[in-house]
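> Sharing a model prediction with you, sequence too.
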Amino acid sequence: MSGGVWRLIVEDGPGEGARHMALDRAIQMHCDRGESPPTLRLYTWLRPTVTLGRFQDAGGVDPAACRRHGVDVVRRFTGGRGVLHDDEVTYSVVAGTAHGIPRGVAASYRHLCSALVGTYMRLGTDAALTARSRGTSASAACYLHATPADLSLGARKLSGSAQVWHGSTVLQHGSFTISRDVAREAEVFGLAGSDVVRLAEETATLADACATTPDRDVITDAAIAAFSSAFGLEFEPGGPTSTEVATAEALIGEVRVDIG
């Protein structure tokens with residue numbers, strides 16, 4: 001990526017999961033048409049929310065546990081397995097080949113993950129694209145599986161990312177996880193036995209990795225600085241356009257999930 005001006009959207013407060021997923025996709029659709037600029041968006045969650053991968057069976061979550069813990073379930077437009085979002089900052093990047101993103105899933109992951117590694121470095125911890133072996137669990141939980149888009153702290157999975165292409169434009173999003181409630185996550189995904197142990201022992205959070213646990217503002221600032229530095233970007237603060245918001249509203253029905 002060779003510099004340029006991108007839009008920066010930092011959401012003022014926590015938002016609904018369905019809106020987040022629909023808006024990420026709406027921005028991608030309009031960016032691919034040349035109607036919206038390449039965008040880095042940073043946001044938090046109004047309540048604990050599972051995002052299911054685009055083609056994932058909703059049967060991988062426990063409806064009773066979701067109700068008990070007040071967890072929403074939505075579907076994202078990107079692939080992969082389920083992620084329970086809560087105490088974190090989530091990033092989404094929308095940009096195309098015209099903005100220097102290399103074509104192809106593996107190449108674009110490697111390219112964009114350099115800014116994620118830079119974010120963790122600014123927060124005081126080392127992270128690297130995963131060298132972990134793939135998980136063997138049949139669980140629907142993303143954090144029990146290794147992918148080429150994972151960032152790891154040693155042998156422990158620190159964060160994952162998911163993406164989807166629309167025309168010549170990619171949407172990639174993922175989480176900077178501050179802390180994890182392992183017991184709740186295990187219940188939501190119906191984990192038992194060794195899978196619960198693995199979730200506790202084979203994952204890491206910023207609270208684990210950093211000498212001082214960063215707050216959301218610190219993480220947001222680190223991500224902005226890292227993306228700017230990694231790709232030579234200037235950011236122009238802004239918000240979603242009325243057209244993007246309207247498109248997102250039209251997509252809401254595609255992301256809501258009825259788990260009974």
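Perfect, thanks for sending it.
> going forward, measure contacts between C-alpha atoms and count neighbours the same way
Fine.
> if I pick the spatially most central residue of the chain, what's in contact with it?
By CA atoms, centre = their mean, the mean C-alpha position of the chain lies nearest to Gly174, the distance being 1.7 Å. The contact partners of Gly174, taken as CA atoms under 8 Å, 6 or more residues apart in numbering, are Thr90, Tyr91, Ser92, Ser159, Gly160, Ser161, Ala162.
> Show me the beta-bridge partners of it.
Tyr91, Ser161 (DSSP bridges).
> hmm, back to that, what's the farthest-apart pair in the contacts of Gly174?
By the measure CA to CA, Ser92 and Ser159 form the most distant pair in the contacts of Gly174, at 13.6 Å.
> So those two - more neighbours on which side?
Neighbours of Ser92 and Ser159, each counted by other CA atoms under 10 Å, are more numerous for Ser159; the result is 25 against 22.
> measure the more buried one to Phe231 for me?
Separation of Ser159 from Phe231 (CA to CA, to the nearest Å) stands at 21 Å.
> for Gly13, same thing?
Relative to Phe231, and taking CA to CA, Gly13 is found at 27 Å.
> what do you get for Arg76?
Arg76 is 26 Å from Phe231, by CA to CA.
> So for those two, which sits in the more crowded spot?
Arg76 (29 against 17).
> That one reaches Thr51, doesn't it?
Yes. Arg76 is within contact range of Thr51, at 5.9 Å (criterion: CA atoms under 8 Å).
> picking up where we left off before, same list (the contacts of Gly174) but as TSV, adding pLDDT and distance to His69.
Putting the contacts of Gly174 into TSV (pLDDT from 0 to 100; distance: CA to CA, whole Å) gives the following:
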residue	pLDDT	distance to His69
Thr90	98	21
Tyr91	98	24
Ser92	98	26
Ser159	86	23
Gly160	84	23
Ser161	90	25
Ala162	94	25
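> Of these, which is the nearest to Ala58?
Ala162 (17.6 Å).
> Now do the same contact list for that closest one.
Thr78, Gly79, Gly80, Ala149, Gln172, His173, Gly174.
> Would you mind measuring from Ala106 to Pro48?
30 Å.
> now swap in Ser242 and tell me
27 Å.
> neighbour count winner among these two?
More neighbours surround Pro48 than the other of Ser242 and Pro48, with 18 against 9 (other CA under 10 Å).
> mind listing what the more buried one touches?
Contacts of Pro48 (CA under 8 Å, 6+ apart): Gly70, Val71, Asp72, Leu84, His85, Asp86.
> Spatially nearest residue to the first one (excluding sequence neighbours)?
When you say that, I think you mean Gly70. Once flanking residues are discounted, Gly70 sits nearest to Pro48: 7.0 Å by CA to CA, 6 or more residues apart in numbering.
> how far away is the one you found from Ile178?
Relative to Ile178, and taking CA to CA, Pro48 is found at 13 Å.
> Check what pLDDT Asp208 gets.
What the model reports as pLDDT for Asp208 is 90.
> Kindly apply the preceding question to Leu129 instead.
At Leu129, pLDDT is 70.
> With only the CA atoms kept, save stretch 106-126 in CSV.
This file holds the C-alpha atoms of stretch 106-126, laid out as CSV (Å, rounded to 0.1, in the frame of the first residue of the first chain):
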residue,chain,number,x,y,z
ALA,A,106,-3.7,-15.2,1.8
ALA,A,107,-1.8,-12.2,0.4
SER,A,108,-4.3,-9.6,1.7
TYR,A,109,-4.3,-11.2,5.1
ARG,A,110,-0.6,-11.0,5.3
HIS,A,111,-0.6,-7.4,4.1
LEU,A,112,-3.2,-6.1,6.5
CYS,A,113,-2.0,-8.1,9.5
SER,A,114,1.2,-6.1,9.5
ALA,A,115,-0.8,-3.2,10.9
LEU,A,116,-2.3,-5.5,13.5
VAL,A,117,1.1,-6.7,14.6
GLY,A,118,2.1,-3.0,14.8
THR,A,119,-0.9,-2.3,17.1
TYR,A,120,0.1,-5.0,19.5
MET,A,121,3.7,-3.7,19.5
ARG,A,122,2.5,-0.3,20.4
LEU,A,123,0.5,-1.8,23.3
GLY,A,124,3.7,-3.5,24.6
THR,A,125,3.4,-7.1,23.4
ASP,A,126,4.8,-9.2,20.6
